[in-house]
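Undergrad: here is my input, please return the structure:
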Amino acid sequence: MSTRIAFLKGHGTENDFVIVPDPENAIDLPPSAVAALCDRRAGIGGDGLLHVVRSAAHPEAKEMAAEAEWFMDYRNGDGSIAEMCGNGVRVFARYLQRAGHVGEGDLAVATRGGVKRVHLAKDGDVTVGMGKARLPEGEVTVSVGERSWPARNVNMGNPHAVAFVEDLAHAGDLLAPPPFSPASAYPDGVNVEFVVDRGPRHVALRVHERGAGETRSCGTGACAVAVATARRDGADPAVTGTPATYTVDVPGGTLVITELPDGEIEMTGPAVIVAEGEIDADWLASLAG
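TA: Prediction:
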């Protein structure tokens, strides 16, 4: 039996991931092992982990196998499971291309947030169909220190609270999850985006990702921000019949988000594989106990 396990490292607008190819779902990855792999000092380092599994080999994805061959078993940097990761899907698709499993063009990726449609363009950008946003009713407030702001509740398959602020510095250090109320709005925690305007249909954000802290980018967060900003601006493609496109600056780069009249949201941005290597299997096994 091999004592080494392959891994790769990639990022999408500097939202970075450890990638573990495991087509047959044979590698045990408990939360403790994921957290250790994502540790930036004692492990490889990443905001999260992309476990690459054939859908037919994973109990959570078997029902999607006919529609999508590959399942993105995504984990947050603390080892917890997440429904979806927009930047992660782009990097996941780039890995599949690099490994020779797919070529340029369209493919489907199974996630806990459903099957996502992906397009690998010739110019290197990757576009992901992120599904439709849900906008739950009710007022939400987020706070940092003495400041509080109303926030828009947006669900992109995972929960977001979008707050418009005067200065991104007002978000503080984002080391701890920003408090929110009411608690019933997000029983499983929330990703919080702080947003400022940069120009017409152009915004910038900082984000605290649930289970990861502040990250350099958040794909589902950028989509949530685009939808929240469109509604703030009085734009609803379902009403006007006209797509709404926003440029969203994140600390690690730029994403372009388009909401279509049918409610579907597309996100376009880069995805880069930067390294590959091997994990020591004995070390990994020691973390599973």
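Undergrad: C-alpha from now on. contacts and neighbour counts both.
TA: Fine.
Undergrad: for stretch 201-220, buried residues please.
TA: 202-220 (16 or more other CA atoms under 10 Å).
Undergrad: pLDDT of it, averaged?
TA: Across stretch 201-220, the average pLDDT comes to 93.
Undergrad: so how far is it off the chain centroid?
TA: Put simply, stretch 201-220 sits 9 Å off its chain's centre (CA atoms, centre = their mean, to the nearest Å).
Undergrad: who's in contact with the residue nearest to the spatial centre of the chain?
TA: Residue closest to the average C-alpha location in the chain (CA atoms, centre = their mean): residue 85, at 2.3 Å. By CA atoms under 8 Å, 6 or more residues apart in numbering, the contact set of residue 85 is 74, 218-220.
Undergrad: how close does residue 207 get to residue 162?
TA: As judged by CA to CA, to the nearest Å, residue 207 and residue 162 stand 9 Å apart.
Undergrad: try residue 70
TA: Per CA to CA, residue 70 is found 31 Å from residue 162.
Undergrad: picking up where we left off before, do you know the pLDDT at the residue nearest to the centre of the chain?
TA: pLDDT, residue 85: 88.
Undergrad: quick one, phi psi at it?
TA: Main-chain dihedrals, residue 85, degrees, to the nearest 10: phi -150, psi 110.
Undergrad: now do residue 13
TA: Dihedral angles (degrees, to the nearest 10) for residue 13: phi 50, psi 40.
Undergrad: what does stretch 240-252 rub up against?
TA: Stretch 240-252 has contacts (CA under 8 Å, 6+ apart) with 13-15, 201-206, 216-218, 222, 226, 230, 235-237, 254-261.
Undergrad: can you give me the domain assignment for this protein?
TA: 4-125+271-286, 140-269 (automatic domain parsing).
Undergrad: so which of those domains is nearest residue 132?
TA: domain 140-269 (4.8 Å; CA to CA).
Undergrad: okay, now the unreliable bits of the stretch 1-150 of the chain?
TA: Under the criterion pLDDT under 70, the flagged ranges of the stretch 1-150 of the chain are 1-3.
Undergrad: mind doing that once more with 80?
TA: The stretch 1-150 of the chain contains residues with pLDDT under 80 at 1-4.
Undergrad: out of the buried residues of stretch 201-220, list just those in strands.
TA: Among the buried residues of stretch 201-220, the ones falling in strands (DSSP state E) are 202-209, 213-215.
Undergrad: the stretch 151-289 of the chain: helices as residue ranges?
TA: Ranges of helices within the stretch 151-289 of the chain are 219-232, 237-240, 281-286, based on DSSP state H, counting those that start in this stretch.
Undergrad: where among those helices is the average confidence lowest?
TA: Looking at the helices of the stretch 151-289 of the chain, the weakest mean confidence is helix 281-286, a mean of 90.
Undergrad: which parts of it are buried?
TA: In helix 281-286, counting by 16+ other CA under 10 Å, buried: residue 284.
Undergrad: and if you look at stretch 96-112?
TA: So stretch 96-112, judged by 16+ other CA under 10 Å, has buried residues 96, 103, 107-112.
Undergrad: other residues contacting it?
TA: Identification of contacts with stretch 96-112 by CA under 8 Å, 6+ apart yields 55, 60-61, 64-65, 67-74, 82-84, 89, 93, 115-122.
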